[in-house]
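Participant: What follows is a predicted protein model with its sequence.
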Amino acid sequence: MESSKFPLDIFPKEFKEFVETFQKTNNFPIDFTAISMMYATSLAIGNTIRVRVKNSYEINASLWFVFVARSGSLKSPPIKTILKPFREVDRIHKNEYDLKLKEFEEYERKTQEEKEECFEPIEKPVRMKHLFTDFTSEKIISRMSENLRGIGVFSDEIKMWLNNLNRYSSGGDQEMWLSFYDGTEYDYDRVKGDCFVDMPFGSIIGGMTTLDFKEMYNGKLSGNGLWERFNVCVLNNLKKKYTEEEVPQELLDNWKKFIFKTLTQLQVPLDELGRPEPVKAIYTKEAIETLKKWTVINYAKTELECHEFASLYSKQEAHLHKFALCLHIMSVHCESGEVLYSIGKRTLQRAIKLVDYFENNHIELKKKDIIKKALKQLGNEQERLLWYAKLNKQFKEEEAFELYYDLKCMDRDEKDYTRSMKRWFKKEELFEKVTKKMYRKTYDIYEEDLT
């Protein structure tokens with residue numbers, strides 16, 4: 001399995017052990033489990049707290065993630081496991097809603113005289129719900145106006161959801177979701193009705209196959225502002241292995257306790273008109289100094305890089321504050337000495353590590369485009385490209401010869417390709433000479449990257 005590059009040390013010890021245990025017992029990729037925990041924390045916070053960056057600049061905790069791997073590579077199981085506490089809460093809310101709806105319907109069947117005899121009128125209930133998988137734009141807007149904390153979207157195959165954007169609304173869906181991400185008021189006007197949401201909140205997570213991602217990454221959604229807000233995690237070469245070990249129930253109970261506690265203790269404050277008015281979390285003086293230094297560097301990157309990377313860096317500032325808030329809530333739960341509405345230097349440094357992780361992921365994705373262009377020097381024959389992918393990072397000349405003939409299903413005496421390969425070894429963009437008959441590949445690629 002590809003080794004994880006996720007900075008697990010950003011988590012408190014309790015959550016770090018949780019991620020490592022699931023990798024050991026269930027084969028869950030570390031990156032997928034850890035990111036799922038960030039998403040779940042984001043959803044649990046919702047509209048209860050915002051980060052105050054400046055007096056006129058606040059950031060909510062909404063986060064968007066996409067997992068990319070080959071089909072059947074355990075993209076969904078980590079998300080589903082982490083989200084179980086929300087499913088449980090949603091079931092409780094559904095049962096309560098059904099009972100109240102039944103009472104309301106019985107009340108509505110009464111005559112006016114019978115209603116007047118009741119102790120108090122019965123209002124139509126509102127169903128509280130955190131997670132959504134299948135919905136229309138009209139329905140999600142309605143639910144957003146009812147669920148003041150916010151909503152979360154989870155899609156096993158997020159490509160379907162992305163493809164359906166604007167299918168019926170001529171561009172309105174993308175604007176709607178950008179509003180959900182930023183938490184800015186959204187006014188919905190349609191022939192069938194209208195709706196106004198003062199402070200929307202929407203976190204998104206889902207999986208996508210490697211092939212689908214390649215289509216979407218440089219496709220119709222690229223460059224529209226929506227796709228650029230997703231934090232993407234691409235894992236290659238994932239392999240399953242059998243294990244008899246079980247996840248200790250205590251770990252599962254502790255995670256459930258964290259989500260339940262966050263949902264219970266953090267309530268959405270309302271103003272005099274019943275609108276969400278999140279509490280403001282502020283940075284300590286030491287954290288502000290760290291933030292200043294990071295911001296100067298990030299602004300410099302934005303100005304120096306090409307448009308593709310400038311767009312990435314411009315979004316990282318918002319990601320940093322969102323990460324910091326989620327990591328802070330985790331720390332408040334697990335580590336003593338943390339003040340709920342005060343984000344310290346250590347938490348901000350952890351958030352910076354996570355920003356760097358996703359930045360490096362993005363850069364690696366762009367490098368793959370560069371690699372494909374470089375591989376054209378070998379020609380278009382699939383065997384040559386596959387040969388390069390299968391070569392060890394450092395290899396002997398003879399090993400390269402044998403591998404190529406194996407791929408061609410040929411013996412050397414049938415046709416001599418060694419001269420061609422020796423010419424390929426001289427292509428400095430692809431190979432580095434270590435010793436007389438030892439070489440090192442410039443790029444690490446996998447077979448799936450060639451499709």
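Facilitator: Now that the structure is in, tell me what you want to look at.

Participant: Show me the residue sitting in the middle of the protein in space.
Facilitator: With distances taken as CA atoms, centre = their mean, the residue of the chain nearest its centroid is F65 (1.6 Å).

Participant: Report the beta-bridge partners for that one.
Facilitator: I205, N231 (DSSP bridges).

Participant: Quickly note the distance from it to R412.
Facilitator: As judged by CB to CB, to the nearest Å, F65 and R412 stand 49 Å apart. In short, each C-beta sits where N, CA and C put it, glycine included.

Participant: Next: L391.
Facilitator: With the distance defined as CB to CB, L391 ends up 18 Å from R412.

Participant: Neighbour count: those two, which is higher?
Facilitator: Taking neighbours as other CB atoms under 10 Å, L391 and R412 compare with L391 leading, 18 against 12.

Participant: can I assume that one is in contact with L403?
Facilitator: Yes - in this structure L391 lies within contact range of L403 using CB atoms under 8 Å: 6.6 Å.

Participant: The residue nearest to S179 when sequence neighbours are not counted: neighbouring residues, count only.
Facilitator: Distance criterion CB to CB, 6 or more residues apart in numbering; nearest residue to S179, sequence neighbours excluded, is Y186 at 4.2 Å. Neighbour count of Y186, defined by other CB under 10 Å: 21.

Participant: hey, what's Y186 bridged with?
Facilitator: With DSSP bridges as the rule, Y186 is bridged to V197.

Participant: So for it, what's the pLDDT?
Facilitator: Confidence at Y186, expressed as pLDDT, is 85.

Participant: Please apply the same query to R87.
Facilitator: pLDDT, read off for R87, is 96.

Participant: quick one: contacts for it?
Facilitator: L131 (CB atoms under 8 Å, 6 or more residues apart in numbering).

Participant: Now do the buried residues in the host helix or strand of it.
Facilitator: In this assignment (DSSP states H and E), R87 forms part of helix 84-108. Neighbour counts using 16 or more other CB atoms under 10 Å place 85-86, 89-90, 93, 100 of helix 84-108 among the buried residues.

Participant: Equivalent analysis for stretch 238-253, please.
Facilitator: Going by neighbour count (16+ other CB under 10 Å), the buried part of stretch 238-253 is 238, 251-252.

Participant: For I371, which non-adjacent residue is closest in space?
Facilitator: Counting by CB to CB, 6+ apart, the residue nearest I371 is Y443, at 4.7 Å.

Participant: Stretch 64-80: end-to-end distance?
Facilitator: 16 Å (CA to CA, to the nearest Å).

Participant: For it, give me every contacting residue.
Facilitator: Contacts of stretch 64-80 (CB under 8 Å, 6+ apart): 22, 26-29, 32-33, 35-36, 38-39, 154, 156, 158, 181, 203-210, 213, 229-236, 238, 240, 448.

Participant: swap the cut-off to 6 Å and go again
Facilitator: Here stretch 64-80 makes contact (CB atoms under 6 Å, 6 or more residues apart in numbering) with 28, 32-33, 35-36, 39, 156, 158, 204-205, 207-210, 213, 229-235, 238.

Participant: The residues you listed in helices, which ones?
Facilitator: Among the contacts of stretch 64-80, DSSP state H puts 32-33, 35-36, 39, 158, 210, 213 in helices.

Participant: Please convert those residues to a markdown table, extending it with pLDDT and neighbour count.
Facilitator: A markdown table is the format used below for the ones in helices among the contacts of stretch 64-80 (pLDDT from 0 to 100; neighbours: other CB atoms under 10 Å):
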| residue | pLDDT | neighbour count |
| --- | --- | --- |
| F32 | 94 | 30 |
| T33 | 96 | 26 |
| I35 | 97 | 26 |
| S36 | 97 | 25 |
| Y39 | 98 | 24 |
| I158 | 85 | 25 |
| T210 | 81 | 18 |
| F213 | 82 | 21 |
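
Participant: Need those in a markdown table (columns: distance to L325).
Facilitator: Putting these into a markdown table (distance: CB to CB, whole Å) gives the following:
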| residue | distance to L325 |
| --- | --- |
| F32 | 22 |
| T33 | 20 |
| I35 | 16 |
| S36 | 17 |
| Y39 | 13 |
| I158 | 24 |
| T210 | 31 |
| F213 | 28 |
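
Participant: and the two most separated of these?
Facilitator: Y39 and T210 (20.9 Å; CB to CB).

Participant: Next SSE downstream of the helix holding R87?
Facilitator: helix 112-117.

Participant: Sheet partners, orientation included, of the following helix or strand past that following helix?
Facilitator: Sequence-wise, the next helix or strand downstream of helix 112-117 (DSSP H and E) is strand 131-132. Paired strands of strand 131-132, with direction, are strand 151-155 (parallel) (DSSP bridges).

Participant: Would you pull up how far the partner strand lies from the middle of the chain?
Facilitator: Mean-position distance between strand 151-155 and its chain equals 11 Å (CA atoms, centre = their mean, to the nearest Å).

Participant: Put the alpha carbons of it into CSV.
Facilitator: What follows is strand 151-155, C-alpha atoms only, in CSV (Å, rounded to 0.1, in the frame of the first residue of the first chain):
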residue,chain,number,x,y,z
ILE,A,151,-26.2,20.3,6.5
GLY,A,152,-23.7,17.8,5.2
VAL,A,153,-23.6,16.0,1.9
PHE,A,154,-22.1,12.5,1.6
SER,A,155,-21.9,10.9,-1.9
